[in-house]
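# Build me a model from this:
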Amino acid sequence: MSRRLVLLIPLIIFLIMAGFLFRGLFLNPSELPSALIDKPFPAFSLPAVGEPSRLLTEVDLQGKPALVNVWGTWCVACREEHAVLNALKEQGVTIHGINYKDDQASALKWLKEFHNPYQLDVRDDQGSLGLDLGVYGAPETFLIDKNGVIRYKHVGIVDERVWREQLAPRYQQLLEAP
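Numbers count the residues shown, from 1 in each chain. Now for the predicted structure:
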């Protein structure tokens with residue numbers, strides 16, 4: 001191999017790596033891909049927050065399009081998001097919760113203090129459902145259709161802009177779907 005080629009190989013490798021890193025600067029960290037898009041919500045059987053004898057399953061989430069919000073009392077961003085979720089509930093948006101890696105007493109206190117936007121609220125204190133959903137942390141919000149198929153995933157806070165620009169158009173489409 002010639003000396004020139006030996007010197008060019010590290011330069012080519014460096015340029016390829018620099019290209020990937022440069023591209024990463026322009027990616028949106030809240031748009032993490034999910035292998036579950038267009039797949040049914042994972043099967044689960046977990047108690048409801050505040051009703052330990054009531055077991056909820058993925059079938060309970062079906063019937064109409066809904067947001068499924070992963071939250072926890074330990075999550076600072078969830079506190080910021082919570083007021084928006086309450087406002088969406090008042091507008092008639094169906095929202096289900098997954099109380100992720102939390103304890104029952106803290107969750108009940110939180111919902112009493114900040115109000116409960118969730119039609120159903122699943123208690124996932126061990127994080128098993130979160131693991132099946134590929135949750136990185138909280139908050140994360142999934143948009144499901146009436147059959148319980150995941151159509152979209154948002155990582156991060158759902159604020160008014162995220163609702164208006166990303167979730168509301170998709171939610172409306174699902175409401176209008178036959």
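
# Would you map the strands across this structure?
Along the chain, counting by DSSP state E, strands occupy 45-48, 51-57, 66-71, 95-100, 120-124, 140-144, 150-155.

# Name the helix or strand of the protein that has the lowest mean pLDDT.
Least confident helix or strand, the chain: helix 3-24 with a mean of 67, by mean pLDDT, DSSP states H and E.

# And the strands of the chain: which comes nearest Ala77?
Of all the strands of the chain, it is strand 66-71 that lies closest to Ala77, at 9.3 Å by Cβ to Cβ. Glycine gets a C-beta too; all of them are placed from N, C-alpha and C.

# what does the closest one rub up against?
41, 61, 78, 81-82, 85, 88, 93-100, 117-119, 130, 133, 135, 138-144, 158, 167, 171 (Cβ atoms under 8 Å, 6 or more residues apart in numbering).

# Next, format the strands of the chain as a markdown table and append mean pLDDT and mean neighbour count.
Formatted as a markdown table, these follow (pLDDT from 0 to 100; neighbours: other Cβ atoms under 10 Å):
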| stretch | mean pLDDT | mean neighbour count |
| --- | --- | --- |
| strand 45-48 | 98 | 16 |
| strand 51-57 | 96 | 13 |
| strand 66-71 | 98 | 25 |
| strand 95-100 | 98 | 25 |
| strand 120-124 | 98 | 23 |
| strand 140-144 | 98 | 23 |
| strand 150-155 | 97 | 19 |
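
# Next, format these as TSV and append distance to Ala107.
Below are those laid out as TSV (distance: least, Cβ to Cβ, whole Å):
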stretch	distance to Ala107
strand 45-48	11
strand 51-57	12
strand 66-71	9
strand 95-100	5
strand 120-124	7
strand 140-144	17
strand 150-155	21
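
# Of all those strands, which one comes closest to Ala35?
Among those, the nearest to Ala35 by Cβ to Cβ is strand 150-155 (9.9 Å).

# Next, the angle strand 140-144 makes with that closest one.
170 degrees (axes from the mean of the first three to the mean of the last three Cα atoms, to 10 degrees).

# Name the strands paired with strand 150-155 and say parallel or antiparallel.
strand 140-144 (antiparallel) (DSSP bridges).
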